[in-house]
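A.B. asks: no sequence for this one, just the structure:
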Ligand code: PMP
């Protein structure tokens, strides 16, 4: 084969079609924006990160684990799983490199090429990317105008899909789906419902009782948001018992590195630390929504979605970036009109700067269509 391929054309011959379309959209790096605009202190409100460092407990345990990094970690992540059981009760858990890692492994277990994967849209993009990599038949399922999910429509569209994705609180809208709707869906579908709870700590809804009543529910969680460990890449999921042995076969031999696993344990044991941040988010979420001067979709997450019409999302992102504030345009979320931005709740100074600048933009340009 090598002899027949023109040098430089090897990708055309070897790379699968599913990786030729666009991939994950990362928020534009703060450094680039800073450089373009000559600003050194950037408000990073584009990636729904926790603006504060993790619990000192997490840092200490993670660093201690590095002392023994000459050894492979426990392949079953037994200590982390035990800590999860101590935290949440006697459920079955799996872990992964971020919730993204858990999603990818589950899709690998369940989906053959051509199998259906339903996705309540607009939402987080990685479900679709991971399903596409497995050559799934992707079935986007449009949410209602207020971004709620109609269980009848969901069940009809999901039908025999191997796995369906529903995010609550939903990224990027912030919408929380009531547990009764989730229960109705679980009773009506054949496949797995992956309920993405990346932002669950920021709202009052509890889906865990559903785990005991349904063996087709997986609840995905992450340490990246409320627990401030985005860089450690730790995700986990509540799963029905029958999935566990298959998960072990399908995942990479060591699902997590030992430093990240120990940092996660340290963070999970310091709930008070996490709760202080959650209180901060709730207080500021309400204030930013009230004072930003644009309509905001009710949110149960650590971000809000703002309707910036007559600006487009992209135009508003550029305006704010020039003033040192990084937010995410929702233009890349299929199923959403182009006049939304998603704004993370940041540290106090970031939220204040955002409010000041968005109000200034609005006043300076009132009446202008962008
Ligand atoms: N689900 C949702 C809804 C998210 O917004 C994100 C990350 N932004 C993830 C999953 C992935 O989380 P992790 O960092 O654990 O991979």
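C.D. replies: Noted; the coordinates are in hand. As the structure is a prediction and not an experimental result, all values here were calculated from the model.
A.B. asks: for residue 161, what are its contacts?
C.D. replies: 115, 116, 117, 118, 139, 189, 190, 191 (CB atoms under 8 Å, 6 or more residues apart in numbering). Just so you know, the C-beta spots here come from the backbone N, C-alpha and C atoms, and that holds for glycine as well.
A.B. asks: quick check: it is in a strand.
C.D. replies: No - applying DSSP: H, G, I helix; E, B strand; the rest coil, one finds residue 161 to be coil, outside a strand.
A.B. asks: state the pLDDT value of it.
C.D. replies: The per-residue pLDDT reported for residue 161 equals 96.
A.B. asks: same deal with residue 364?
C.D. replies: For residue 364, the predicted pLDDT is 87.
A.B. asks: ranges for the strands of the chain?
C.D. replies: 43-44, 92-97, 116-121, 137-142, 163-167, 192-196, 217-222, 234-239, 296-297, 303-307, 325-326, 328-329, 340-344 (DSSP state E).
A.B. asks: so which elements touch the first one?
C.D. replies: Judged by 3 or more CB pairs under 8 Å, 6 or more residues apart in numbering; DSSP states H and E, the packing partners of strand 43-44 are strand 325-326, helix 348-365.
A.B. asks: so for the first one, mean pLDDT?
C.D. replies: Over the span of strand 325-326, the pLDDT mean works out to 95.
A.B. asks: so what's the gap between that strand and the chain middle?
C.D. replies: Strand 325-326 sits 19 Å away from the centroid of its parent chain (CA atoms, centre = their mean, to the nearest Å).
A.B. asks: repeat for stretch 276-287
C.D. replies: 19 Å.
A.B. asks: what are the buried residues along it?
C.D. replies: Using 16 or more other CB atoms under 10 Å as the test for burial, stretch 276-287 gives 277, 278, 280, 281, 282, 284, 285.
A.B. asks: separation between residue 68 and residue 55?
C.D. replies: Distance, residue 68 to residue 55, by CB to CB, to the nearest Å: 21 Å.
A.B. asks: of these two, give the one with the bigger neighbour count.
C.D. replies: residue 55 (24 against 11; other CB atoms under 10 Å).
A.B. asks: how about the contacts made by the more buried one?
C.D. replies: 227, 228, 266, 267, 270, 273, 274.
A.B. asks: hang on, the earlier thing: just send the strands of the chain back as CSV, with mean neighbour count and distance to residue 18 too.
C.D. replies: Conversion of the strands of the chain to CSV gives the following (neighbours: other CB atoms under 10 Å; distance: least, CB to CB, whole Å):
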stretch, mean neighbour count, distance to residue 18
strand 43-44, 22, 31
strand 92-97, 23, 21
strand 116-121, 25, 13
strand 137-142, 16, 11
strand 163-167, 26, 17
strand 192-196, 25, 20
strand 217-222, 24, 22
strand 234-239, 26, 23
strand 296-297, 18, 32
strand 303-307, 25, 29
strand 325-326, 24, 30
strand 328-329, 26, 25
strand 340-344, 28, 26
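A.B. asks: redo those strands as CSV? Include distance to the ligand.
C.D. replies: Below are these laid out as CSV (distance: least, CB to the nearest ligand atom, whole Å):
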stretch, distance to the ligand
strand 43-44, 13
strand 92-97, 7
strand 116-121, 12
strand 137-142, 16
strand 163-167, 5
strand 192-196, 5
strand 217-222, 3
strand 234-239, 4
strand 296-297, 15
strand 303-307, 9
strand 325-326, 15
strand 328-329, 10
strand 340-344, 10
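A.B. asks: save the ones you listed as a markdown table, and put in distance to residue 175 too.
C.D. replies: Formatted as a markdown table, the strands of the chain follow (distance: least, CB to CB, whole Å):
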| stretch | distance to residue 175 |
| --- | --- |
| strand 43-44 | 24 |
| strand 92-97 | 25 |
| strand 116-121 | 10 |
| strand 137-142 | 13 |
| strand 163-167 | 9 |
| strand 192-196 | 12 |
| strand 217-222 | 17 |
| strand 234-239 | 21 |
| strand 296-297 | 7 |
| strand 303-307 | 9 |
| strand 325-326 | 23 |
| strand 328-329 | 17 |
| strand 340-344 | 12 |
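A.B. asks: residue 252: which of those is closest?
C.D. replies: strand 92-97 (8.2 Å; CB to CB).
A.B. asks: any idea how far residue 154 is from the ligand?
C.D. replies: 17 Å (CB to the nearest ligand atom, to the nearest Å).
A.B. asks: and the residue of the stretch 251-370 of the chain nearest the ligand?
C.D. replies: For the stretch 251-370 of the chain, the residue closest to the ligand is residue 301, as judged by CB to the nearest ligand atom, at 8.5 Å.
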